[in-house]
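Novice: Whatever this is, show me its structure:
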Amino acid sequence: MKLLSKGILNRLPPLGSQADVGDPVLRVKFFTPDGGWTWFAAEGSADEKTGEFVFWGYVIGVESEWGTFALSELESVRGALGLPVERDRYFQPQPFSRLKR
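Specialist: Next up is the predicted model:
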């Protein structure tokens with residue numbers, strides 16, 4: 001499965017666009033089907049220097065925290081059974097406050 005489709009690119013705001021938003025909208029969900037990691041992307045854009053696509057969002061893993069993560073990192077991660085990261089095709093964009101309920 002392609003993690004980053006053209007449709008997602010078209011609706012994902014650029015990095016820094018929700019910096020002053022108190023309740024950022026999470027737009028894309030990635031997860032390890034055979035592990036305990038989940039990444040919720042709120043923003044994303046290509047780094048001008050490296051060309052690497054970078055997301056900003058909420059990550060649930062060993063700790064739960066806000067931060068950046070790269071598309072190449074998601075593509076390289078494998079879970080306990082060796083399965084790759086997947087995108088939740090049924091995830092609906094929602095404010096962070098709804099996720100935390």
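
Novice: Spit out the contact partners of the residue of the chain most remote from its centre.
Specialist: Note on the chain: the largest C-alpha distance from the chain mean falls to residue 81, namely 21.5 Å (CA atoms, centre = their mean). Residue 81 is in contact with residue 34, counting by CB atoms under 8 Å, 6 or more residues apart in numbering. C-betas here are computed from N, CA, C, even on glycine.

Novice: where in this protein is pLDDT low?
Specialist: For the chain, the stretches with pLDDT under 70 are 1, 101.

Novice: the strands in it, which residues?
Specialist: Taking DSSP state E, the strands of the chain run over residues 25-26, 28-31, 38-46, 53-60, 64-70, 86-87, 94-95.

Novice: what separates residue 64 from residue 46, distance-wise?
Specialist: Distance, residue 64 to residue 46, using CB to CB, to the nearest Å: 26 Å.

Novice: Just send the strands of the chain back as CSV, with distance to residue 4 and mean neighbour count too.
Specialist: Converted to CSV, these look like this (distance: least, CB to CB, whole Å; neighbours: other CB atoms under 10 Å):
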stretch, distance to residue 4, mean neighbour count
strand 25-26, 15, 18
strand 28-31, 8, 21
strand 38-46, 8, 21
strand 53-60, 7, 19
strand 64-70, 11, 13
strand 86-87, 8, 17
strand 94-95, 19, 14
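
Novice: so the nearest residue to residue 91 once chain neighbours are set aside bridges to which residues?
Specialist: Among residues not flanking residue 91 along the chain, residue 29 sits closest, at 3.9 Å (CB to CB, 6 or more residues apart in numbering). Counting by DSSP bridges, residue 29 is bridged to residue 40.

Novice: OK, contacts around residue 29?
Specialist: 38, 39, 40, 41, 87, 88, 91.

Novice: So which of those residues is the closest to residue 18?
Specialist: Comparing the contacts of residue 29 against residue 18 with CB to CB places residue 41 closest, at 11.1 Å.

Novice: So the closest one sits against residue 13, correct?
Specialist: No: the pair formed by residue 41 and residue 13 falls short of the contact definition of CB atoms under 8 Å, at 10.0 Å.

Novice: Now the closest residue to residue 34 other than its chain neighbours, what are its backbone angles?
Specialist: Once flanking residues are discounted, residue 34 sits nearest to residue 79: 3.5 Å by CB to CB, 6+ apart. Note on residue 79: backbone dihedrals following degrees, to the nearest 10 are phi -80, psi -170.
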